[in-house]
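[1] here you go, sequence then predicted model.
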Amino acid sequence: MNGPTETPVAEARFVWQGEELQLLAERAIWDPSRRTLLVADLHLGKAETFQAHGIPVPSDGDLETLNALIALAARWQPQQLVILGDLIHSRLGLTAELRQKLEALPELLGCQLRLIGGNHDRGSWIAALQQESAQALGPWWLSHEPDPRAGRLNLCGHLHPVALVGRGNNRLRLPCFSHDQALQRLALPAFGRLTGGHPTAQGERIWLVADGAVVAWNHPCQPPPQRQRQPRRAA
C-alpha cells in the first residue's frame with residue numbers, strides 16, 4: 001500500500017481546468033471564486049427515524065452536525081452554503097423541533113442556505129428552504145446523485161465515500177473525497193455525524209479526512225489481493 005503523497009493539512013487544493021476548489025477537513029468544499037461552501041448528506045433526524053422503528057439510538061447527532069455546520073460558516077464567511085442533498089434522513093425524523101432548528105439555520109449561518117434535493121429529501125417540506133434540482137454553478141455541475149455533464153466537473157454527494165486503510169485488525173474506514181477522472185466527478189464525504197460510508201471504486205483518486213487533516217492518497221488504499229498458496233506436492 002502506498003503512503004500519503006502530501007503532508008497532512010487542514011485543507012487540500014484541487015484544480016480543474018484552471019478553477020480551484022479547497023477540500024476541507026470539515027468534510028466540505030470551499031469555492032473561493034464564488035465564496036460558496038458545499039456539503040452533502042447531513043441526514044438529520046436519522047436517530048429519530050431509527051427510534052420510530054424501535055431501534056434505540058442517541059438523539060445528540062443532529063446537534064453535533066448542526067454545530068459543525070455553523071462553525072464552518074463562521075470560519076469561511078460564505079455568500080451561500082449549498083447542501084448537495086439528503087439534508088434529512090426521512091420524513092419520520094423531521095420532527096417539530098428539527099423544523100424549528102432548520103428554519104433558524106440561515107440566520108445562524110449568516111448566509112443564504114440552498115438545498116439540492118436528494119433521494120432522502122423527497123416528499124418533505126421545510127419552510128423557507130425550497131428543494132432545487134441539479135444545476136450549474138460556474139464550471140461545476142451540482143447534484144446529489146452522480147450526474148456527469150460534458151464540460152463540467154460534477155460535484156455530488158450520495159456516495160458517502162470512505163477509504164479502507166490498512167489491513168487486518170489495523171484496518172480503518174476513513175471518510176474521503178473521491179475523484180473519478182473518467183467521469184469528471186468529485187464526490188464529497190457525508191457531513192452528518194451519524195452517517196456511514198461505502199468504499200471507493202478502484203482507480204479513483206482520493207483525499208482522506210482524519211484528525212482535522214486532509215491527506216492526498218494516490219489510489220483507493222484498498223489492500224492488494226492475497227496470493228493463494230499453491231498446495232505442496234507430495235514427496
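    Received, thanks.

[2] what's the closest non-adjacent residue to the spatially most central residue of the chain?
    Taking C-alpha atoms, centre = their mean, the centroid of the chain lies closest to P189, which sits 2.4 Å from it. Of all residues not flanking P189 in the chain, P175 sits nearest, at 3.7 Å (C-beta to C-beta, 6 or more residues apart in numbering). Glycine gets a C-beta too; all of them are placed from N, C-alpha and C.

[3] wait, is the one you found part of a helix?
    No. Counting by DSSP: H, G, I helix; E, B strand; the rest coil, P175 is not part of a helix but strand.

[4] for the closest residue to C111 other than its chain neighbours, give me its contacts.
    Take C111 and drop its neighbours on the chain: the residue closest to it by C-beta to C-beta, 6+ apart is P78, 5.1 Å away. By C-beta atoms under 8 Å, 6 or more residues apart in numbering, the residues touching P78 are 30, 35-37, 111.

[5] now find how far off-centre stretch 195-213 is within its chain.
    Relative to its parent chain, stretch 195-213 has a centroid offset of 9 Å by C-alpha atoms, centre = their mean, to the nearest Å.

[6] same thing with stretch 131-140?
    Centre to centre, stretch against its chain (C-alpha atoms, centre = their mean), the figure for stretch 131-140 is 17 Å.

[7] what's in contact with it?
    16-17, 19, 31, 33-34, 36, 82, 114-117, 121, 141-144, 147, 149, 152-155.

[8] where in the chain is pLDDT low?
    Low-confidence segments of the chain (pLDDT under 70): 1-8, 46-61, 89-93, 194, 218-235.

[9] redo the contacts of P78 as JSON lines? Include distance to R193.
    Formatted as JSON lines, these follow (distance: C-beta to C-beta, whole Å):
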{"residue": "W30", "distance to R193": "20"}
{"residue": "R35", "distance to R193": "26"}
{"residue": "T36", "distance to R193": "23"}
{"residue": "L37", "distance to R193": "17"}
{"residue": "C111", "distance to R193": "22"}
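
[10] phi, psi for E103 please.
    Main-chain dihedrals, E103, degrees, to the nearest 10: phi -70, psi -30.

[11] can you count the residues close to it?
    Neighbour count of E103, defined by other C-beta atoms under 10 Å: 13.

[12] spit out the contact partners of it.
    Residues in contact with E103 (C-beta under 8 Å, 6+ apart) are 126-129.

[13] quick revisit: any of the contacts of stretch 131-140 buried? List them.
    Listed as buried from the contacts of stretch 131-140 are 16, 31, 34, 36, 82, 114-117, 121, 141-144, 147, 152-155; burial here means 16 or more other C-beta atoms under 10 Å.
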